[in-house]
Structure formats: structure tokens, C-alpha cells
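In: Just to be clear, the model below is a prediction. Sequence and coordinates:
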Amino acid sequence: MVTITSLLITNPVNAQLCQGSLGNPIVNITFGSGPNPGQPFSAATTTYMYTSGDCPQDGYYAIRNSTSGCFGSWHTITSDHTGDPNGYFMLVNSSYAPSAFFVDTVHGLCSNTNFEFAAWITNMLRLGQGCQPSIKPDLTFTIEKTDGTILQTFNTGSISEQSTLTWQQMGFYFVTPPGIQDVVLRIVNNAPGGCGNDLALDDITFRPCGPTIMANISGSPTTSLYFCVGGSHFLTFTGNVLAGLLNPTLQWQQNINGGGWQDIAGATSTTLLQNFPATKAPGTYQYRLSAVEAGNQAACRTASSELSITITPPLSATINCNTPLCEGSTLLFSATGNVNAQYQWTGVNGFTATGSSASIPDAQPAQSGKYYVQASTAAGCTYSDSISVNISPAPVAMAGPDTSICKNESVQLTSSGGTTYQWKPSTGLSANNISSPVATPFDTTSYMVIVINDAACSDTAYVVINVASIPTVNAGPDKSIIKGETTALNGMVKGGDFTYNWSPTSYMMNVSSFTPQVNPTTDIDYILSATSNAGCGIAHDTVHVFVYPGIYIPNAFTPNGDGLNETWRIPALNAIAVFELSIFNRYGQLMYHTQNDNKPWNGQFKGIDQPSGGYIYLLNIANGKRIMKGIVMLLR
């Protein structure tokens with residue numbers, strides 16, 4: 001089942017209702033209250049069939065306190081028309097043939113009296129839902145004597161569908177003949193059942209309707225007055241019954257704090273004097289003038305609109321303030337306890353504000369002192385109170401100047417202005433809760449100190465410790481050249497702010513570069529030096545340049561295990577980038593081969609010592625730029 005929630009709206013249709021003053025309902029058919037489902041009527045009340053379910057079929061009715069989305073097209077109702085979630089209403093799915101679906105005999109009316117009959121009706125079909133076009137409910141209300149004589153008839157016409165649940169009060173007025181106190185109410189649905197013509201009915205009332213009765217408070221332009229408890233007030237209420245009663249009997253009534261209307265003994269004239277002494281309890285006191293034709297029963301009285309006197313209890317308030325607080329904070333005031341009161345704040349240095357709350361941003365110590373609030377109501381009730389505010393000065397945090405140190409060195413930080421201190425971050429500090437900790441930061445660090453005074457007010461300051469590194473120097477790998485050639489050194493320096501230089505600068509070009517070109521004539525050491533500009537020391541590194549006068553090729557070696565001249569190599573190949581060296585035995589078999597890697601030959605082939613004798617070498621330099629060959633003797 002699909003549940004559709006609708007908004008409860010009441011819409012009185014007053015054209016046929018009482019235009020004078022009404023009395024209390026003599027008859028009020030509410031269908032009762034309780035859990036679902038409500039019990040069926042007696043057999044004489046309706047010709048429709050009863051169902052205990054939520055969604056009656058054609059020709060059936062139900063007594064419900066709620067209904068939920070029947071047939072996918074009805075409104076959802078969650079309470080009766082008064083909003084009572086347990087209050088019953090009659091839910092009707094009309095029969096196919098027009099007929100009376102509610103008939104009841106009403107007892108105890110006053111004879112020879114105007115009555116207003118009224119009932120609350122809603123079309124259950126949601127606008128545009130279900131079959132279209134739909135059949136709309138069309139009701140006729142008939143008041144009859146018990147012998148069937150019709151006293152009054154009223155037709156509602158078509159009751160239209162609405163997009164939201166809409167209760168409408170419909171009715172009319174009629175006169176009971178002399179001697180008649182019982183009448184029959186008959187409600188007929190004139191439209192056929194089927195597609196639509198579904199409705200809910202609630203709160204059927206019969207109320208006496210009389211001429212307009214006026215009532216007022218002497219000297220007051222309104223019918224409602226408000227007084228503060230503790231005051232004394234003497235009031236005069238006056239009333240007047242307009243034409244319509246030949247010989248009216250008057251009676252003033254009172255209703256104290258919603259307890260119900262009660263007659264005031266002896267108050268039977270057009271004037272009522274009421275004393276409200278200072279001891280009168282707080283509450284709402286309502287008064288009205290009622291009237292009925294002389295000789296008729298009191299139940300048939302009609303009454304004026306209410307005159308209301310409200311005695312308000314003493315004003316009181318709870319004042320809240322965030323005092324004490326620190327300089328620069330926002331001072332907040334609030335007063336609670338009187339919803340309808342108006343508030344006026346005053347205080348130091350001419351401060352004023354209105355409303356239940358007030359504030360002072362960026363509060364200063366000079367704004368300390370007493371602040372007052374005055375509460376008042378429309379009834380003239382007042383209440384005043386005060387609160388003392390203390391605004392403490394904030395400390396002025398001081399921290400030592402920014403400092404530069406070398407890596408692994410320490411420095412003492414300093415701060416002042418308060419009684420307690422908190423340093424952040426704590427990394428590298430000897431302590432983080434003293435005014436002057438020792439700092440040994442690994443890297444440059446900005447330290448914040450929170451300075452707090454005795455009033456728990458705080459301020460912050462900052463100090464930066466710049467950490468300078470000792471330079472790291474790398475002069476690069478050693479180099480080898482043939483005399484007359486040039487090579488580039490590969491130096492590097494890291495670590496903060498520094499200056500650097502090479503020494504010596506002999507045979508060196510572009511001496512200010514990390515990668516200078518050099519062409520010494522003999523072996524030489526070059527030193528790269530870096531000096532920390534922060535005074536953190538000097539670092540050095542050395543690169544050796546080997547200078548070969550030419551390509552000298554040894555003609556013999558002795559790999560016999562005596563530790564002397566065990567391998568054969570050409571030293572100058574260390575200075576040649578591109579070369580290829582091969583060694584063959586006398587049969588032309590390749591014994592050894594290397595390319596661009598000056599590794600020595602140990603006189604072996606595949607791990608086997610080769611015999612003594614002559615071996616042919618072939619040296620190819622720079623891809624054929626120079627070819628050198630000869631014989632090397634292997635001696636064991």
C-alpha cells in the first residue's frame with residue numbers, strides 16, 4: 001500500500017451558519033476516540049455496511065482515527081479534524097445508488113429556539129488522482145420532526161477535490177417549533193458511487209444561535225488586558241443583547257485558566273464589577289455575557305465573545321556572561337527566562353544594547369565594571385539585575401632575536417612577558433615549558449612561544465633559528481690523459497651558503513667553474529676547497545690527474561707466481577676513451593680481448609695458463625685512428 005501524507009487544512013464555509021452569537025454545543029457527535037478500528041453504529045444509524053479495515057469499499061463505512069493512502073488516490077489522514085491523533089471520524093465510500101448514509105435522532109434541544117447545525121466534511125479523493133472525471137460528493141442535510149415533517153434542508157452542492165487534505169465546515173440554521181425538543185438528522189449523498197464520491201465526516205454539532213451579544217471592558221479599546229502580579233485593579237465589564245429576544249435572561253460567566261465556563265452568582269445584569277487585588281494569583285481569567293429567552297433552559301444560552309484578563313507572574317531572568325575573559329576577546333551577555341520580555345542593557349563607558357543577548361567585540365580592560373539589564377513586558381512588569389565584568393590585560397610576549405648557528409651547534413632561546421611558557425615545536429629543545437630553553441635544531445626552525453600570565457591570558461611570539469651546514473666537497477674522480485691532451489674535472493659542493501676555489505690553477509681554464517678544463521704536462525693534484533659563509537668551516541677534496549708522456553707498451557711479463565710483473569697491461573690506455581686491444585697466439589687464436597676497459601692480461605685463456613712464448617697484440621685506437629701491433633713475451 002502506498003502511503004501519502006497530506007497537510008491538514010480547515011476551511012469554514014460560513015454562508016449558511018449562525019451570524020449572531022452562539023452558545024455551547026448541546027449536541028456534539030464526535031464519533032469518540034481510541035485505537036483503530038472504532039466500533040460500528042447501531043443498525044438504525046446508517047444503511048451502509050461496516051468494515052473494520054482501513055479502506056472501505058463502495059457502500060461501506062469505517063470508524064477510524066487515521067487512514068493511509070487508500071486505493072492509491074485517497075488522502076492520508078493522521079488525526080480527526082481537530083488534530084487529535086486518537087479522535088475518530090466516519091470514513092465513507094458511497095454506494096452506487098444515492099441514499100442516506102447517516103440518520104440519527106437528536107434529543108434534548110430547546111424548543112422554539114434558533115439552532116445552528118454544522119458538520120466537518122472532506123473529499124477523500126486527491127485532486128487529479130484516480131479515475132477522471134471523478135464523481136464529487138453532493139450532500140443534503142435534513143432536519144425533521146420525529147413524525148417525518150421536514151423543518152429545514154440544506155444542500156452542499158458538489159464538494160471539490162483538493163491537492164491537500166481540506167476539512168470544510170458546512171451547515172445551516174433552523175428553528176425548533178414550540179414543544180419540540182427532539183429532531184431527526186438525515187444526511188443523504190445525492191451523487192452515485194463508483195469513480196469518486198468518497199468522503200470523511202466529523203464533529204456534528206447543534207448549537208443555539210441567538211442575537212448578537214456584545215461585551216467590552218469599560219475604558220479599554222481591546223477585549224484583552226495584561227497586568228503584573230502584585231498590582232490592584234478594579235474593572236467594569238458591560239454587555240448588551242441586540243434585538244432578537246423578547247425577554248432575555250442574562251448571566252455573566254467566567255472561565256479561570258481554561259477550567260470551563262461557570263456562572264457567576266448574582267451576575268445577571270448588563271454590568272459586571274470585578275476586583276483584581278494585589279494578591280490575585282497569576283493566570284488567565286475570561287468573562288462573557290450569556291443570554292436566553294426567559295423561561296427557556298440554561299443549556300440554550302448564547303454568549304458574547306470572551307473578555308480576557310491575564311495576570312502575569314513576576315518577571316525573573318538568568319543573566320549569563322563569559323566573564324572573566326582576556327583582552328581582545330568578545331564579551332557576551334544573555335538573559336533567559338522571559339520569552340515575551342524586552343531587554344535594555346547599560347554599562348561601562350556608556351554601553352547600551354537591546355535584546356535578550358548583547359556583545360562587545362575586542363573587549364579591553366577599561367571596559368571592566370558593572371553592567372545592568374532591565375527587562376519589561378507589555379503589561380508593564382519589570383525586572384532588573386546586574387553583573388560584574390572583569391577583563392584582564394593580555395601579556396606581551398617577547399622572544400629573542402632570530403639567530404644563525406652551524407649544524408650541530410646549540411643556542412639558548414629567550415622569552416618574557418608571562419608566568420608560564422609553552423614552546424612549539426619541541427623538536428631540538430632542552431625543554432618546552434621554560435622561558436629560556438637550549439635549542440639544537442637539525443634544520444632551520446621557526447619556534448613559537450605561547451606566553452601565559454596569571455589571569456590565564458596568552459600572547460605569542462616567534463623566533464627563527466637558521467641552521468647553516470658545513471659544506472660537503474667532492475672534487476670528482478681521478479683523471480688520466482696523454483701529454484698534450486685536455487680533460488674536464490667534475491667537482492661538486494653542497495651545503496648552504498659557501499664560496500669555493502681550485503688550487504693550484506696551473507694548466508687550468510675557467511677556474512671559477514666546478515668543471516674546469518685542465519691540460520697539465522705532468523701528474524698533478526688539484527684541490528677543491530669550500531668555505532662556509534656562515535663561518536661553519538672549510539672542506540677540501542683532491543683529484544689526481546695522471547699524465548702519460550706517450551703510449552708505452554711493455555714487451556714481456558712473467559706470470560710465475562713470484563708477485564713480480566705478473567700481468568701485462570698498457571698504462572696509457574687509462575687516458576684513452578675509445579680503444580680495442582686483442583692478443584693472439586702463434587696459431588692466430590684469440591687469447592685475450594678488451595674494449596674501452598684497461599684491464600690487465602694474466603697469461604691465461606679460459607682460466608688455463610698459457611705456455612711461454614711470443615704472443616701478438618693488436619691495439620686499435622679511436623676506431624682505426626691509430627693501429628699499433630707487436631709481440632709480447634710470456635715468460636714463466
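Out: Received the coordinates, thanks.

In: now do the same end-to-end measure for stretch 422-437.
Out: End-to-end span of stretch 422-437 (Cα to Cα, to the nearest Å): 10 Å.

In: quick check, distance from that stretch to the centre of its chain.
Out: Put simply, stretch 422-437 sits 38 Å off its chain's centre (Cα atoms, centre = their mean, to the nearest Å).

In: List the buried residues for that stretch?
Out: When burial is assessed from 16 or more other Cβ atoms under 10 Å, stretch 422-437 yields the following buried residues: 422-423, 428-429, 435, 437. Where C-beta positions appear, they are placed from N, C-alpha and C, glycine not excepted.

In: again with stretch 626-636
Out: Under the neighbour-count criterion of 16+ other Cβ under 10 Å, stretch 626-636 has 632, 634 buried.

In: what mean pLDDT does that stretch have?
Out: For stretch 626-636, mean pLDDT is 94.

In: Throw the buried residues of stretch 422-437 into TSV and include pLDDT, secondary structure and distance to Pro178, thanks.
Out: As requested, the buried residues of stretch 422-437 are exported to TSV (pLDDT from 0 to 100; DSSP: H, G, I helix; E, B strand; the rest coil; distance: Cβ to Cβ, whole Å):
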residue	pLDDT	secondary structure	distance to Pro178
Gln422	96	strand	98
Trp423	96	strand	103
Gly428	94	coil	110
Leu429	96	strand	107
Ser435	95	coil	106
Pro437	96	coil	108
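
In: Nearest to Gly260, out of those: which one, please.
Out: Distance to Gly260 across the buried residues of stretch 422-437 (Cβ to Cβ) is lowest for Gln422, with 68.9 Å.

In: The closest one against Asn433, yeah?
Out: Yes - at 6.1 Å, Gln422 and Asn433 qualify as touching, with contact defined as Cβ atoms under 8 Å.

In: wait, what's in contact with Leu139?
Out: With contact set as Cβ atoms under 8 Å, 6 or more residues apart in numbering, Leu139 has these partners: 121, 155-156, 159, 170, 187-190, 199.

In: and the closest residue to it other than its chain neighbours, what does it touch?
Out: In space, and not counting its chain neighbours, Leu139 is closest to Thr156: 4.6 Å by Cβ to Cβ, 6 or more residues apart in numbering. By Cβ under 8 Å, 6+ apart, the contact set of Thr156 is 121, 137-141, 170.

In: Going through these, which ones are buried?
Out: Counted by 16+ other Cβ under 10 Å, these give 121, 137-139, 141, 170 as buried.

In: mind listing which of the residues you listed are in strands?
Out: Under the assignment DSSP state E, the buried ones among the contacts of Thr156 contribute 121, 138-139, 141, 170 to strands.

In: re earlier: got a markdown table for the buried residues of stretch 422-437, with distance to Gly231 too?
Out: Compiled in a markdown table, the buried residues of stretch 422-437 are given as follows (distance: Cβ to Cβ, whole Å):
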| residue | distance to Gly231 |
| --- | --- |
| Gln422 | 59 |
| Trp423 | 65 |
| Gly428 | 74 |
| Leu429 | 70 |
| Ser435 | 64 |
| Pro437 | 70 |
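
In: just curious, which of the residues you listed is nearest to Lys625?
Out: Ranked by distance to Lys625 (Cβ to Cβ), those are led by Gly428 at 60.8 Å.

In: if I read this right, the closest one contacts Pro441, doesn't it?
Out: Yes - between Gly428 and Pro441 there is a contact under Cβ under 8 Å: 4.0 Å.

In: which SS state does the residue nearest to Leu139 fall under?
Out: Three-state call for Thr156 (DSSP: H, G, I helix; E, B strand; the rest coil): strand.

In: Any idea how far stretch 63-82 is from the middle of the chain?
Out: The answer for stretch 63-82 is 35 Å, by Cα atoms, centre = their mean.

In: Spit out the contact partners of the residue nearest to Thr78 when sequence neighbours are not counted.
Out: Of all residues not flanking Thr78 in the chain, Ser66 sits nearest, at 5.3 Å (Cβ to Cβ, 6+ apart). Contact analysis of Ser66 by Cβ under 8 Å, 6+ apart lists 36, 76-79, 85.

In: how much space between Ser66 and Arg586?
Out: Separation of Ser66 from Arg586 (Cβ to Cβ, to the nearest Å): 119 Å.

In: what does Asn453 give?
Out: 101 Å.

In: neighbour-wise, which of those two wins?
Out: Asn453 (19 against 10; other Cβ atoms under 10 Å).

In: Backbone torsions only: list them for the more buried one.
Out: Backbone torsions of Asn453, given as degrees, to the nearest 10, read phi -100, psi -170.

In: Pro365 too?
Out: Dihedral angles for Pro365 - degrees, to the nearest 10 - are phi -50, psi -30.

In: tell me which element the spatially closest residue to Leu619 that is not a sequence neighbour falls in.
Out: Nearest non-adjacent residue to Leu619, counting by Cβ to Cβ, 6+ apart: Met628, 4.2 Å away. In this assignment (DSSP states H and E), Met628 forms part of strand 626-634.

In: That strand pairs with which strands?
Out: Paired strands of strand 626-634, with direction, are strand 556-557 (parallel), strand 613-621 (antiparallel) (DSSP bridges).

In: Convert it to PDB, retaining C-alpha atoms only.
Out: Written as PDB, here are the backbone C-alpha positions of strand 626-634 (Å, rounded to 0.1, in the frame of the first residue of the first chain):
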ATOM      1  CA  ARG A 626      95.800   4.700 -34.900                       C
ATOM      2  CA  ILE A 627      96.700   1.000 -35.100                       C
ATOM      3  CA  MET A 628      99.600  -0.500 -33.100                       C
ATOM      4  CA  LYS A 629     100.800  -4.100 -33.100                       C
ATOM      5  CA  GLY A 630     103.700  -6.100 -31.900                       C
ATOM      6  CA  ILE A 631     104.900  -9.100 -29.900                       C
ATOM      7  CA  VAL A 632     104.800  -9.500 -26.100                       C
ATOM      8  CA  MET A 633     106.800 -12.300 -24.500                       C
ATOM      9  CA  LEU A 634     105.200 -14.500 -21.900                       C
END
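
In: who touches it?
Out: Applying Cβ under 8 Å, 6+ apart, the contact partners of strand 626-634 are 551, 553-557, 559, 568, 583, 603, 610-621.

In: mind redoing it with 10 Å?
Out: If you take Cβ atoms under 10 Å, 6 or more residues apart in numbering as the criterion, strand 626-634 is touched by 551, 553-560, 568, 570, 576, 579, 581-586, 591, 601, 603, 609-621.

In: returning to that earlier point: which of the contacts of Leu139 lies closest to Ser376?
Out: Distances from Ser376 to the contacts of Leu139, taken by Cβ to Cβ, are shortest for Met170, at 46.8 Å.

In: The closest one bridge partners, please.
Out: With DSSP bridges as the criterion, Met170 is bridged to Ala119.

In: Could you verify my assumption that it touches Leu199?
Out: No - between Met170 and Leu199 there is no contact under Cβ atoms under 10 Å: 11.1 Å.

In: any shared contact partners between these two?
Out: 121, 139, 159.

In: Tell me the spacing between the first one and Leu619.
Out: This points to Ile121. Taken as Cβ to Cβ, the spacing of Ile121 relative to Leu619 amounts to 121 Å.

In: and what of Thr567?
Out: For Thr567, the distance to Leu619 (Cβ to Cβ) stands at 16 Å.

In: Comparing these two, which shows the higher neighbour count?
Out: Neighbour totals were compared for Thr567 and Leu619, and Leu619 leads with 19 against 13 (other Cβ under 10 Å).

In: pLDDT value on that one, please?
Out: On the pLDDT scale, Leu619 is placed at 94.

In: Contact partners for it?
Out: Contacts of Leu619 (Cβ under 10 Å, 6+ apart): 551, 553, 570, 573, 576, 579-583, 626-630.

In: where along the stretch 101-250 of the chain do the strands fall?
Out: Ranges of strands in the stretch 101-250 of the chain, per DSSP state E, counting those that start in this stretch, are 114-123, 138-145, 150-158, 166-175, 183-189, 198-210, 213-217, 224-228, 233-241, 248-256.

In: now these in JSON lines, with distance to Val411?
Out: Supplementary listing: the strands of the stretch 101-250 of the chain in JSON lines, determined by distance: least, Cβ to Cβ, whole Å:
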{"stretch": "strand 114-123", "distance to Val411": "86"}
{"stretch": "strand 138-145", "distance to Val411": "98"}
{"stretch": "strand 150-158", "distance to Val411": "96"}
{"stretch": "strand 166-175", "distance to Val411": "83"}
{"stretch": "strand 183-189", "distance to Val411": "100"}
{"stretch": "strand 198-210", "distance to Val411": "88"}
{"stretch": "strand 213-217", "distance to Val411": "86"}
{"stretch": "strand 224-228", "distance to Val411": "72"}
{"stretch": "strand 233-241", "distance to Val411": "82"}
{"stretch": "strand 248-256", "distance to Val411": "84"}
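
In: Thanks a lot, catch you later.
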